[in-house]
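S.K.: any chance you could fold what I've pasted below:
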Amino acid sequence: MRLLDQLSLPGDLVSLSRDKMDQIAGEIREEIIQTVSETGGHLGPSLGVVELTLALHAELVTPRDKIIWDVGHQSYAHKIVTGRLPKFRTIRTYGGLSGFPNRSESEHDACGTGHSSTSVSIGVGLAEAFRLAGEDGEGAVVSVIGDGALTGGMAYEGLNQAGHLGSRLVVVLNDNNMSIRKNVGAMSAYLSRLRSDPTLSRIRHDLEKRVQKFPGIGEGLYTVGEQLKDGVKAALAPGMLFEELGFTYLGVLDGHNVSSLRANLRRALSIDGPVLLHVKTVKGKGYSPAEERPDSFHGTTAFSIQTGEKIDGGATAVSYTKAFGQALVHLAKEDERVVGITAAMASGTGLNLLEDALPDQFFDVGIAEGHAVGFAAGLAIAGYRPVVAVYSTFLQRAYDQVIHDVCLQGLPVILALDRAGLVGEDGPTHHGAFDLSFLRLIPGLTVLVPKDEAELQTLLASAMELNAPVAIRFPRGPGLGVDLPDFPRPLRGPWMEVLKEGEDVLLLATGTGVQLATEAAGRLAEMGIKAGVVNARRVNPLAESGLEELLERYSHVVTVEENVLAGGFGSAVLEFAQETRLTCHVGRVGLPNRFITHGDMASLKAEIGYTVEGVVGEAARVMGVDVTRV
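M.R.: Next up is the predicted model:
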């Protein structure tokens, strides 16, 4: 029987010997590897922080003390040691554990996370809340942030405030020289310098002692030569950047030595003020394929433990992501003004294809979506045609830049929104549920939605022709298996594409809704109901002349969209019908106005009614037909 199953965790961690701590760490790794090999998930990040997790829970008492896991993809060991071991193998499955910290799942999850660079700000808020509460608010606060997340600007806003306030906050910098892939930028180079040269700390200490011993000038240097002293320290001292922000810097520590981590955590928690604990870890620790290919095992599908090879899910069609990347490479080869920009998600957005083919026309800005869009605006002002490829859920982090820096200026920036709609197992922090709603209200922004992977390539080429801001949203996963063009060409047909003529009801769909509408029309035909199907390729601005003609022909209309219904495509159609005083009856099928849980796509769509049956039912409701009697 495993030691892991015999202990009462996390309480028993306090008194465990070093050998038993190592044994527990090994058993936790085995549990994580076995589970993720079956369910998929964030393997590398969680394997890298097992010892750190054990040290934290040995020195802290949660939920009184608070641990905030930045992003949260490294929280699997935390879940195991906080009472969720019996359900751990349900992680990321429908009805099972979330793949991220979740306040509704456990009192040990101080804050739900899923996006990057937020932990320090949240930690400062908690620390100041404890301070304001006085004795009633006793508790330690620890924010665990990776070096990849430290490329995000919000992290520095939090560090700046903590240093200014002198907050009792411990920031653990989990430094593995990786985010999803190798980190980029000046901060990465700075941390690399600290990691690779542990003698810097000793040099600083020796230098200060020797300076004090200089006859006649030692004390003077400390009283009237502070600028010189700080200059020397800045040149040689590790962590000086954080010290200048008001933090006590401790590091660099071995992130896989539990005893050392515990001792330094105790020291950090005893300091009256903000502390940065710099911990060096190995991403994928304990599983050779993940250590050797950390970018491949950051987030992974199911895989063979023996070989590390991914298990083929059976999809044969080209993914939307790959179709986008291929089209962008074609267009960038034809026009050297075309550049691609990613916020540390090159492979996830298909921009790795551009990076390989045309590296001079590719930029990775780190986990900094707001900067990515502002950077694109600067390129556009200078005459380039930037394409910012970003997950729909992460574009929310750059909303001000989209409005202020791009659309208000009327700049020809293309926003390529991957993972629009539901994404499955990653859940509510990653579902791209809101982009049609928050984008279509922006003046001057054209919003395009393809029905399949070939149309995605066509609409990307169409966007290049427009000298204005454009957003293209498309889903995660394989396409429909349609033939792709040899070279992406702009659309020459109408924005409203009639796929099937009808008489009784119009199924007006966009994106993935087109496939649902097409299948629903077949079901309705079996009931004797003649349904028309139209593909709305442009959601903003609406193709008003074509839409008005359609709404005059059909007295019953059902819109279908994989976006929240509040403010989405269906809302736009309703608004247009009201403004033009058309008397058609409009029903809507889409995502409900709530946060949708995690799980396999089929289960999620069935739960919310984003199915063929859901479209048929809504069409019957709008028409006043009882489908059970047809």
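S.K.: who's in contact with Gly137?
M.R.: Shown in contact with Gly137 (CB atoms under 8 Å, 6 or more residues apart in numbering): 129-131. (Each C-beta comes from the backbone N, C-alpha and C, glycine too.)
S.K.: which of those residues has the most neighbours?
M.R.: Counting neighbours by other CB atoms under 10 Å, the top entry in the contacts of Gly137 is Phe130, with 21 neighbours.
S.K.: and the gap between the closest residue to that residue other than its chain neighbours and Pro488?
M.R.: The shortest distance from Phe130 to any non-neighbouring residue, by CB to CB, 6 or more residues apart in numbering, is to Gly137 (3.7 Å). Distance of Gly137 to Pro488, computed by CB to CB, to the nearest Å: 58 Å.
S.K.: domains of this structure?
M.R.: Annotated domains of the chain cover 3-197+238-292, 320-473, 497-629 [automatic domain parsing].
S.K.: burial measure for Val258, as a count.
M.R.: Around Val258 there are 23 residues (other CB under 10 Å).
S.K.: now, which of the contacts of Gly137 sits nearest Ile472?
M.R.: Among these, Ala129 lies closest to Ile472 (CB to CB), at 42.1 Å.
S.K.: buried ones in the one helix or strand that closest one maps to?
M.R.: Using DSSP states H and E, Ala129 falls within helix 119-133. By neighbour count on 16 or more other CB atoms under 10 Å, the buried set for helix 119-133 is 119-128, 130.
S.K.: with just CA atoms, put stretch 283-302 into PDB.
M.R.: Provided in PDB are the C-alpha atoms of stretch 283-302 (Å, rounded to 0.1, in the frame of the first residue of the first chain):
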ATOM      1  CA  LYS A 283       9.700  21.000 -15.900                       C
ATOM      2  CA  GLY A 284       8.500  17.500 -16.300                       C
ATOM      3  CA  LYS A 285      10.700  16.200 -13.500                       C
ATOM      4  CA  GLY A 286      10.700  12.500 -13.000                       C
ATOM      5  CA  TYR A 287       9.300  11.500 -16.400                       C
ATOM      6  CA  SER A 288      12.100  11.400 -19.100                       C
ATOM      7  CA  PRO A 289      10.000  12.200 -22.200                       C
ATOM      8  CA  ALA A 290       8.600  15.300 -20.400                       C
ATOM      9  CA  GLU A 291      12.000  16.400 -19.300                       C
ATOM     10  CA  GLU A 292      13.400  16.000 -22.800                       C
ATOM     11  CA  ARG A 293      10.500  17.500 -24.600                       C
ATOM     12  CA  PRO A 294       8.900  19.900 -22.000                       C
ATOM     13  CA  ASP A 295       7.100  21.900 -24.700                       C
ATOM     14  CA  SER A 296       5.400  18.800 -25.900                       C
ATOM     15  CA  PHE A 297       4.200  17.800 -22.400                       C
ATOM     16  CA  HIS A 298       3.200  21.200 -21.100                       C
ATOM     17  CA  GLY A 299      -0.400  20.400 -22.000                       C
ATOM     18  CA  THR A 300      -0.800  17.000 -23.500                       C
ATOM     19  CA  THR A 301      -3.400  14.700 -24.900                       C
ATOM     20  CA  ALA A 302      -3.500  11.000 -23.700                       C
END
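S.K.: got the contact list for it?
M.R.: By CB under 8 Å, 6+ apart, stretch 283-302 touches 26, 29, 33, 36-45, 47-48, 50, 73, 176, 178-182, 256, 282, 307-308, 310-311, 313, 347.
S.K.: can you tell me which of these are in helices?
M.R.: Among the contacts of stretch 283-302, DSSP state H puts 26, 29, 33, 36-39, 43-45, 47-48, 50, 347 in helices.
S.K.: what's the closest of these to Leu441?
M.R.: Using CB to CB, those come closest to Leu441 at Ser347, 31.8 Å.
S.K.: mind checking how far that closest one is from Glu355?
M.R.: With the distance defined as CB to CB, Ser347 ends up 9 Å from Glu355.
S.K.: want to throw the domains of the chain into TSV with mean pLDDT and distance to Val482?
M.R.: Formatted as TSV, the domains of the chain follow (pLDDT from 0 to 100; distance: least, CB to CB, whole Å):
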stretch	mean pLDDT	distance to Val482
domain 3-197+238-292	92	27
domain 320-473	97	5
domain 497-629	96	11
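S.K.: any idea which of the ones you listed is most buried?
M.R.: Greatest average neighbour count among the domains of the chain goes to domain 320-473 (a mean of 22), per mean count of other CB atoms under 10 Å.
S.K.: would you turn the buried residues of helix 119-133 into TSV with distance to Glu579?
M.R.: Converted to TSV, these look like this (distance: CB to CB, whole Å):
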residue	distance to Glu579
Ser119	45
Val120	46
Ser121	42
Ile122	43
Gly123	48
Val124	47
Gly125	44
Leu126	47
Ala127	51
Glu128	48
Phe130	53
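S.K.: closest to Gly587 among those?
M.R.: For the buried residues of helix 119-133, the closest approach to Gly587 (CB to CB) belongs to Ile122, at 40.8 Å.
S.K.: from what I see, the closest one and Gly112 are in contact.
M.R.: No - applying CB atoms under 8 Å, one finds Ile122 not in contact with Gly112, separated by 10.1 Å.
S.K.: pull up the pairing partners for the strand ranked longest in the chain, direction included.
M.R.: For the chain, the longest strand by residue count, based on DSSP state E, is strand 556-564. Applying DSSP bridges, strand 556-564 is found paired with strand 505-509 (parallel), strand 585-591 (parallel).
S.K.: ok, which of these comes nearest Glu497?
M.R.: strand 505-509 (10.3 Å).
S.K.: contacts for the closest one?
M.R.: Residues contacting strand 505-509 (CB under 8 Å, 6+ apart): 451, 516-517, 520-521, 524, 529-536, 550-551, 553-554, 556-561, 573, 615, 619, 622-623.
S.K.: so of those, which ones are in strands?
M.R.: Going by DSSP E, the strands hold 531-536, 556-561 from these.
S.K.: and the closest residue to Leu97 other than its chain neighbours, how far from Leu126?
M.R.: Spatial nearest neighbour of Leu97, excluding adjacent residues (CB to CB, 6+ apart): Ile91 at 4.4 Å. The spacing between Ile91 and Leu126, counted by CB to CB, is 26 Å.
S.K.: so who does Leu16 touch?
M.R.: By CB under 8 Å, 6+ apart, Leu16 lies in contact with 7, 24, 58.
S.K.: thanks a lot, catch you later.
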